[in-house]
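# I would like the atomic coordinates for the input below:
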Amino acid sequence: MIELSIVDGVAEVVLNAPTRLNALDPAALAELLEAYIEAERSGVQALVLRGEGRAFCAGRDIANVDPATDDVLGYLGDLVTPLLERMSRFPAPTFASAHGACLGVGLGLLIATDVVYVAESAKIGSPFAALGATLDSGGHALFFERLGAHKTLDLIYTGRLMSGTEAVTSGLFSQVLPDDQVLESTRAAARGAASGATQAFLESKRLIAGLRDERLGLWRSMDAENRAQAALCSTADYREGFAAFREKRAPIFTGRG
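Model prediction:
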């Protein structure tokens, strides 16, 4: 599912499962981590992350997940969080081109990337209101810091997704571009960074990372999200949300544990 190519010092990592909207199961997460490790070994000077097809990444692949036995803490804590930490500390400037669905773990991939260009068609946020689950992958910390408590909870309670334009206007990401320009603009930015003063860029990246960790407490927040998601895993609403998703119907929640 994950493809890696390197040209002129720029790595391009592609999520390539378009029929599943690039949703990520444990095997895909392991492949993605390995792609970043290989790109780091190769000494690239910039990296581009993108999704093939009509979405960047629709989040976790839950097609084969049984909510009765789901090890969500293992999925998030043992697979997703270490991947996002590795991505955020990649020793070169990183860029993401995002279009279509950017949900759940897909949102987390963007949070862990230095510069994010989004298409006007992008749909960004948390689909979890319909699953009896909660936002994860760092979404609470980012949304609260950039949007404030009221808008964050509005998005969570309603399940409304932001457009690319709204996300950039709200300060979540870097630029919004027409769909047919976003990928090439991202690639051009990565090539520009790769030919620039990359050691100076890395110092700025380290400084920003320190400020972000101090201000957002991103990784502490992510650990709390993982534990909250694991607690929800045992609820009737969680099971109902998964059943409704599979049966392609609206869920009927009771609000009970």
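
# CA only for contacts and neighbour counts going forward, please
Fine.

# can you map out the helices along the chain?
26-41, 72-73, 81-88, 105-111, 139-158, 164-169, 179-194, 198-216, 218-232, 236-247 (DSSP state H).

# which helices and strands does the shortest one pack with?
It refers to helix 72-73. helix 218-232 (3 or more Cα pairs under 8 Å, 6 or more residues apart in numbering; DSSP states H and E).

# So which elements touch the helix it packs on?
helix 72-73, helix 139-158.

# In a markdown table: the helices of the chain, plus mean pLDDT, distance to Pro18 and mean neighbour count.
Below are these laid out as a markdown table (pLDDT from 0 to 100; distance: least, Cα to Cα, whole Å; neighbours: other Cα atoms under 10 Å):
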| stretch | mean pLDDT | distance to Pro18 | mean neighbour count |
| --- | --- | --- | --- |
| helix 26-41 | 98 | 13 | 17 |
| helix 72-73 | 92 | 24 | 19 |
| helix 81-88 | 96 | 21 | 18 |
| helix 105-111 | 96 | 14 | 25 |
| helix 139-158 | 93 | 24 | 16 |
| helix 164-169 | 96 | 20 | 19 |
| helix 179-194 | 98 | 16 | 18 |
| helix 198-216 | 89 | 32 | 13 |
| helix 218-232 | 91 | 27 | 18 |
| helix 236-247 | 88 | 19 | 18 |
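
# To Ala122, which of those lies closest?
Of all the helices of the chain, helix 164-169 sits nearest to Ala122, with 4.8 Å by Cα to Cα.

# What is that closest one packed up against?
Using 3+ Cα pairs under 8 Å, 6+ apart, helix 164-169 sits against strand 115-119, strand 123-125, strand 175-177.

# His99: which of the helices and strands packed on helix 218-232 is closest?
helix 139-158 (17.8 Å).

# Only C-alpha atoms, please: export the closest one in PDB.
In PDB, the C-alpha atoms belonging to helix 139-158 read as follows (Å, rounded to 0.1, in the frame of the first residue of the first chain):
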ATOM      1  CA  GLY A 139      -6.600  16.300  17.100                       C
ATOM      2  CA  HIS A 140      -7.800  17.700  20.500                       C
ATOM      3  CA  ALA A 141      -4.500  19.500  21.200                       C
ATOM      4  CA  LEU A 142      -4.300  21.100  17.700                       C
ATOM      5  CA  PHE A 143      -8.000  22.000  17.400                       C
ATOM      6  CA  PHE A 144      -8.100  23.500  21.000                       C
ATOM      7  CA  GLU A 145      -4.900  25.600  20.400                       C
ATOM      8  CA  ARG A 146      -6.000  26.900  17.000                       C
ATOM      9  CA  LEU A 147      -9.800  27.000  17.200                       C
ATOM     10  CA  GLY A 148     -10.600  27.400  20.900                       C
ATOM     11  CA  ALA A 149     -12.800  25.200  23.100                       C
ATOM     12  CA  HIS A 150     -16.200  26.300  21.600                       C
ATOM     13  CA  LYS A 151     -15.400  25.600  18.000                       C
ATOM     14  CA  THR A 152     -13.500  22.400  18.800                       C
ATOM     15  CA  LEU A 153     -16.400  20.900  20.700                       C
ATOM     16  CA  ASP A 154     -18.900  22.100  18.100                       C
ATOM     17  CA  LEU A 155     -16.900  20.100  15.400                       C
ATOM     18  CA  ILE A 156     -16.700  17.100  17.700                       C
ATOM     19  CA  TYR A 157     -20.400  17.100  18.800                       C
ATOM     20  CA  THR A 158     -21.700  17.600  15.300                       C
END
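
# Brilliant, that's me finished.
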